[in-house]
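any chance you can model this:
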Amino acid sequence: MIVQLEELIKKYNYEDRVMSALMLGLIDLDLSKDYEQGDEVELKSVFSYNLDSKLELEMVKDIMTQQFQDPDDDLSSLLGDLGISLN
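Numbering: from 1, shown residues only. Down below sits the predicted model:
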């Protein structure tokens with residue numbers, strides 16, 4: 001799915017208009033083991049991002065942090081706090 005999304009962005013030449021950061025992780029557990037707090041587990045992950053600068057990275061991180069802290073907050077409010085308008 002991530003590859004398809006990237007292909008769509010390229011197909012329509014939106015690389016300079018799309019800001020994205022995706023991370024998909026699968027926690028790999030040995031189901032025969034009893035885990036305790038603090039035990040390490042393996043995380044198999046895939047990353048994809050379309051960002052032009054460290055500033056864009058920080059903006060995406062801020063949006064994700066704010067949304068995680070208040071999942072009922074709407075996107076317009078979050079973006080408005082960062083000086084971004086959906087209009």
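
pLDDT-wise, which helix or strand of the chain ranks last?
helix 75-81 (a mean of 64; mean pLDDT, DSSP states H and E).

need the strands for the chain, in chain order.
For the chain, the strands defined by DSSP state E occupy 20-28, 42-50.

residue 12 is nearest to which of those?
Across the strands of the chain, residue 12 has its closest neighbour in strand 42-50 (12.7 Å, Cβ to Cβ). For every residue, glycine as well, the C-beta is placed using N, CA and C.

got the contact list for that closest one?
2, 5-6, 9, 15, 18-28, 57 (Cβ atoms under 8 Å, 6 or more residues apart in numbering).

give the buried residues for it.
Neighbour counts over strand 42-50 (16 or more other Cβ atoms under 10 Å) mark residue 50 as buried.

hey, C-alpha coordinates of that strand in PDB?
Provided in PDB are the C-alpha atoms of strand 42-50 (Å, rounded to 0.1, in the frame of the first residue of the first chain):
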ATOM      1  CA  GLU A  42      12.000  -7.200  17.500                       C
ATOM      2  CA  LEU A  43      10.100  -4.600  15.500                       C
ATOM      3  CA  LYS A  44      10.100  -5.200  11.700                       C
ATOM      4  CA  SER A  45       9.200  -1.900  10.100                       C
ATOM      5  CA  VAL A  46       8.800   0.000   6.800                       C
ATOM      6  CA  PHE A  47       9.400   3.700   6.500                       C
ATOM      7  CA  SER A  48       8.400   6.100   3.800                       C
ATOM      8  CA  TYR A  49       8.500   9.900   3.700                       C
ATOM      9  CA  ASN A  50       8.100  12.800   1.400                       C
END
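
where are the low-confidence patches of the chain?
Counting by pLDDT under 70, the chain contains low-confidence residues at 71-87.

in it, which residue sits furthest out from the middle?
Most distant residue from the mean C-alpha position of the chain: residue 32, 31.7 Å away (Cα atoms, centre = their mean).

and the longest helix for this structure?
When the chain is parsed with DSSP state H, its longest helix is helix 54-69.

buried set for that one?
59, 60, 63, 66.

kindly tell me how buried residue 21 is, as a neighbour count.
By other Cβ atoms under 10 Å, 16 other residues sit near residue 21.
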